[in-house]
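Trainee: for reference, the sequence and a predicted model appear below.
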Amino acid sequence: MAYDKFVTLTSTAVPLPVENVDTDQIIPARFLKAVERKGFGDNLFRDWRYDKSNQPITDFPLNDSKYTGKILVGGKNFGSGSSREHAAWAIYDFGFRVVVSSFFADIFKGNALNNGLLPVVVTPAFLEKIFKAIESDPSTEFEVDLEKQKFTLLATGEAEEFEINPYKKHCLQNGLDDIDFLVDSKEDIEAFENK
Amino acid sequence: MEAKTLFDKIWDAHVVKQVEGGPNVLYIDRHFIHEVTSPVAFLGLKNRGLKVFRPDQTTATPDHNVPTIDQELSIKDELSRNQVDMLKSNCETHGITHHGLGSEGHGVVHIIGPEMGLTQPGMTIVCGDSHTSTHGAFGAIAFGIGTSEVEMVLASQCIMQPKPKKMRVTVDGELSKGVTSKDIALYIISQISTSGGTGHFIEYAGSAITSLSMEARMTLCNLSIECGARGGMIAPDETTFEYVKGREFAPKGEEWDKTLAYWKTLKSDDGAKFDTEYHFDAADIEPMITYGTNPGMGIGITQSIPTGSEMEGTDKTTFLKSLKYMDYQPGDTMTGKKVDYVFLGSCTNGRIEDFRAFAEFVKGKKKADDVNVWLVPGSKAVEKQILAEGLDQIFEDAGMALRQPGCSACLAMNDDKIPEGKYAVSTSNRNFEGRQGPGARTMLASPLTAAAVAVTGVITDPRELM
């Protein structure tokens, strides 16, 4: 699936200081019935964003107009649970390009990387700082530099480097996906089958 | 020669090539698909003008969305019907075997694979569903993938994966009466947390594990993902070979002998290195129940909910948020709490042994008046066996009715939703907020505990009624 190339992003961030945000919260199963990849952003965090009568819950960060930006900051173990790629699609479709946490669940992380959504792992201490910075000033900006693999809190200049597999980094920077690579590897795959 | 783990042996035998500075191109032997995570993958193939590379290595069945009553009729929910129909038409277009609703081979994807002998030791197995870890019970590398990866497997029979770390969880000793493999799993998750296994693939070992039946092993491996591990596996042994032998897709004749000789080599060598190791004593495990909103929030059924007094920061906020959702108080005792629904089924506990255990327990007893009991077989084959053994009569005598196969209330994509605010004791795998329906409150437990609750209407230690 094609997605935008990722270079450097400077943006404010939306805080979600909850641990173990599971994929059933990110996108509840009842919204997985589409057969095309569109519109999932509407139901992102559906049951945390809307009450029983479908009214927005105003103090939920995604509904709070003081929080904006393309960066979502979550508590540790973000994206646990099901393998539904719809979770990554919903976050991307809502407008986020980066998710920051001190710890991601494996499948979510892989799904995010396959969809142009950059998971940034920071230390628990830095994550706390990020939450506090946004809490005290929601217009706080952050810079995500993929080339340098660096996440910076611009107001203070505090920064951390983050890890990313060099191959996935190349894919993100160039908007490439694995399928082209695999289809080009057919000869190797057939040779493997005949071994 | 370097001592290798079981995981290494299978993984290394499936690496087509290593991408420079990147993941392995891993060959996939068996691919299962269902209606929810495959349509976008097929659409991707279409947009790229690609065909399915090895259609005979993919097997399909609709399970997540399907109704569990009146399956003979057209599915009422239009979106569900559309997904189920689309799976069928995509399979027809690409020559993939499809076990449609109502057919003999229909069922929850992780239940029919082993039943048909499609799941075998030494294989790499994937499916767009995190509970694909179930198949690891056979000594296979089996794990859940996203839809982009489903498309990769359809297009090339490969996916690109970094090699995970290895963990061994050893459980030695004998399980006490009333303790099942579900309890072992919930106990392990409660000890190492829902993220304790992240980045790892687990091998389960020890005398408490090797003494489990194949079905009990599947329950344990199924729940590996709930501690964050990509998958869990158990070295194949006589129990495994005995289960696989003679099944539809199992090797036959000379091929069986040859394959069996290979399967017998599938175990971790003495001295093989694991990145992380845990040891538990089976005697410490009692029937488990969860009290919160992730599978790590589990306790022995006689214990109390933690007080949380030692927690701080987001840990405490998350703990209190969870209890608020459940409407429980820190320090509460679980036994005696009111329950509205009981669900037996899912890829975790929807196999024949689960129904036998439940039936044996409720035989001669009556369902508590204000409890709704949903008994959902994991497959048509399980349903057929239930009828053949007369278990349906036992259920009927106890005032409970059998439904038809599907994922059902495990994730409430069909009509089987627990109403808002109601409490369900569920043999499934996740107690996340809203997992069984918006506002539903889930407590995970074994089929035995579920049976005890079904007859008392409150959280009950099954050992008291055995």
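Mentor: Perfect, thanks for sending it. Numbers count the residues shown, from 1 in each chain, chains lettered A, B, ... in the order given.

Trainee: could you measure from the residue lying closest to residue B:58 once chain neighbours are set aside over to chain A?
Mentor: The shortest distance from residue B:58 to any non-neighbouring residue, by C-beta to C-beta, 6 or more residues apart in numbering or on different chains, is to residue B:31 (4.3 Å). All C-beta spots, glycine's among them, are computed from the backbone N, C-alpha and C. Remark: distance between residue B:31 and chain A (C-beta to the nearest C-beta, to the nearest Å) = 14 Å.

Trainee: worst mean pLDDT across the helices and strands of chain B, which element?
Mentor: Using mean pLDDT, DSSP states H and E, helix B:313-326 stands out as the lowest-scoring helix or strand of chain B, at a mean of 92.

Trainee: report whether it contacts chain A.
Mentor: Yes: residues of helix B:313-326 contacting chain A under C-beta under 8 Å from any C-beta of the partner chain: B:313, B:314, B:315, B:317, B:318, B:321.

Trainee: show residues contacting that helix.
Mentor: The contact list for helix B:313-326, computed with C-beta atoms under 8 Å, 6 or more residues apart in numbering or on different chains, reads A:17-20, A:75-76, A:128, B:291-294, B:297, B:305-306, B:308, B:311, B:329-330, B:433, B:441.

Trainee: can you tell me the number of residues neighbouring the residue in chain A positioned nearest to chain B?
Mentor: As assessed by C-beta to the nearest C-beta, chain B sits closest to residue A:167 within chain A, at 2.5 Å. Residue A:167 has 19 neighbours, counted by other C-beta atoms under 10 Å in any protein chain shown.

Trainee: excluding chain neighbours, what is closest to it?
Mentor: Per C-beta to C-beta, 6+ apart, closest to residue A:167 is residue B:22, 2.5 Å.

Trainee: could you find the closest non-adjacent residue to the residue sitting nearest the centre point of chain A?
Mentor: Nearest residue to the geometric centre of chain A (C-alpha atoms, centre = their mean): residue A:99, 3.6 Å. In space, and not counting its chain neighbours, residue A:99 is closest to residue A:72: 4.9 Å by C-beta to C-beta, 6+ apart.

Trainee: quick one: contacts for the one you found?
Mentor: A:13, A:14, A:16, A:91, A:96, A:98, A:99, A:100.

Trainee: mind checking the SS state of the fourth one?
Mentor: If I follow you right, that is residue A:91. helix (DSSP: H, G, I helix; E, B strand; the rest coil).

Trainee: what about it, distance to residue A:25?
Mentor: 12 Å (C-beta to C-beta, to the nearest Å).

Trainee: the fifth one now?
Mentor: Applying C-beta to C-beta, one obtains 15 Å for the distance of residue A:96 from residue A:25.

Trainee: now the contacts of residue A:72 as JSON lines including pLDDT?
Mentor: Formatted as JSON lines, the contacts of residue A:72 follow (pLDDT from 0 to 100):
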{"residue": "A:13", "pLDDT": "98"}
{"residue": "A:14", "pLDDT": "98"}
{"residue": "A:16", "pLDDT": "96"}
{"residue": "A:91", "pLDDT": "98"}
{"residue": "A:96", "pLDDT": "98"}
{"residue": "A:98", "pLDDT": "98"}
{"residue": "A:99", "pLDDT": "98"}
{"residue": "A:100", "pLDDT": "98"}
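
Trainee: from those residues, which land in helices?
Mentor: Per DSSP state H, helices hold the following members of those: residue A:91.

Trainee: buried among the contacts of residue A:72? Make that a PyMOL selection.
Mentor: Under the burial definition 16 or more other C-beta atoms under 10 Å in any protein chain shown, those of the contacts of residue A:72 that qualify are selected in PyMOL by:
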select buried, chain A and resi 13+14+16+91+96+98+99+100
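
Trainee: could you measure from residue A:14 over to residue A:69?
Mentor: From residue A:14 to residue A:69 the distance is 6 Å (C-beta to C-beta).

Trainee: swap in residue B:354?
Mentor: From residue B:354 to residue A:69 the distance is 47 Å (C-beta to C-beta).

Trainee: neighbour count: those two, which is higher?
Mentor: residue B:354 (29 against 22).

Trainee: isn't that one up against residue B:427?
Mentor: Yes: with contact defined as C-beta atoms under 8 Å, residue B:354 reaches residue B:427; the gap is 6.8 Å.

Trainee: hey, what's in contact with both of those two?
Mentor: Joint contacts of residue B:354 and residue B:427 (C-beta under 8 Å, 6+ apart) are B:344, B:447.

Trainee: distance from stretch A:77-96 to the middle of the chain?
Mentor: Computed by C-alpha atoms, centre = their mean, to the nearest Å, the chain-centroid distance of stretch A:77-96 equals 7 Å.
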